[in-house]
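A.B. asks: Sharing a sequence plus its predicted fold:
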Amino acid sequence: MASTENKICKALGISSDTYNEMMYEYGCAYLAKRTQQMIQDSGCIEEQAQKFTNVFRHSKIWWNWWRREWQVVDRKFLRLPKHSMEAYTILQEGAKKIPSQTEVDFVMDNHVITMDLVEDALTILTNKQTTKNDDTKSIFYARRDKKVLPG
């Protein structure tokens, strides 16, 4: 059985590159819209809102979520009796794609961990000391002088 992406490409007469570019562009537009909503709804400074959404723009976790949501709409589209690019874009633009709080937390937690790893790598590579976060509050923290696992 062909993948959902292949079925969409065939139904619309587009290449896989066009399909993926379209998904990426819509994802970026979605994040831009969320940036503006953050500024309007919470009075967030534009620079802060931009930094927040940039975390998502560079997150593999977020893009995997976006692809799953995109493909939910793809499957709905494939059930339509007729296929056109106009119908496809209307469906994709009209779909409510809202990440759960758990998904948002996972992206943010992963970002913090990744930034700590990058900081550690830079320290090792440059032999320079950097200021560290207090990782004793992290769920990933384990005291090195105590046993972590039973046995």
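C.D. replies: Cool, got the structure.
A.B. asks: alpha carbons only for contacts and neighbour counts from here, please
C.D. replies: Fine.
A.B. asks: tell me the mean pLDDT for stretch 30-45?
C.D. replies: Across stretch 30-45, pLDDT averages out at 79.
A.B. asks: again, but for stretch 78-87
C.D. replies: 93.
A.B. asks: ok, and what's touching it?
C.D. replies: 7-8, 11-12, 77 (CA atoms under 8 Å, 6 or more residues apart in numbering).
A.B. asks: Now tabulate the residues you listed in TSV and tack on distance to residue 35 and secondary structure.
C.D. replies: Listed next are the contacts of stretch 78-87 as TSV, based on distance: CA to CA, whole Å; DSSP: H, G, I helix; E, B strand; the rest coil:
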residue	distance to residue 35	secondary structure
7	33	helix
8	30	helix
11	33	helix
12	31	helix
77	28	helix
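A.B. asks: What about those, which one has the most neighbours?
C.D. replies: Counting neighbours by other CA atoms under 10 Å, the top entry in the contacts of stretch 78-87 is residue 8, with 22 neighbours.
A.B. asks: so how far is residue 53 from it?
C.D. replies: In this view, residue 8 and residue 53 are 29 Å apart by CA to CA, to the nearest Å.
A.B. asks: what do you get for residue 25?
C.D. replies: Per CA to CA, residue 25 is found 15 Å from residue 53.
A.B. asks: These two - which one has more neighbours?
C.D. replies: Using other CA under 10 Å, the more surrounded residue of residue 25 and residue 53 is residue 53, with 19 against 11.
A.B. asks: In what element of secondary structure is the more buried one found?
C.D. replies: Following DSSP states H and E, one finds residue 53 within helix 46-57.
A.B. asks: That helix packs against which elements?
C.D. replies: Where contact means 3 or more CA pairs under 8 Å, 6 or more residues apart in numbering; DSSP states H and E, helix 46-57 is packed against helix 16-42, helix 60-78, helix 101-126.
A.B. asks: Take the contacts of stretch 78-87 and write them to TSV, including distance to residue 36.
C.D. replies: TSV is the format used below for those (distance: CA to CA, whole Å):
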residue	distance to residue 36
7	34
8	31
11	34
12	32
77	29
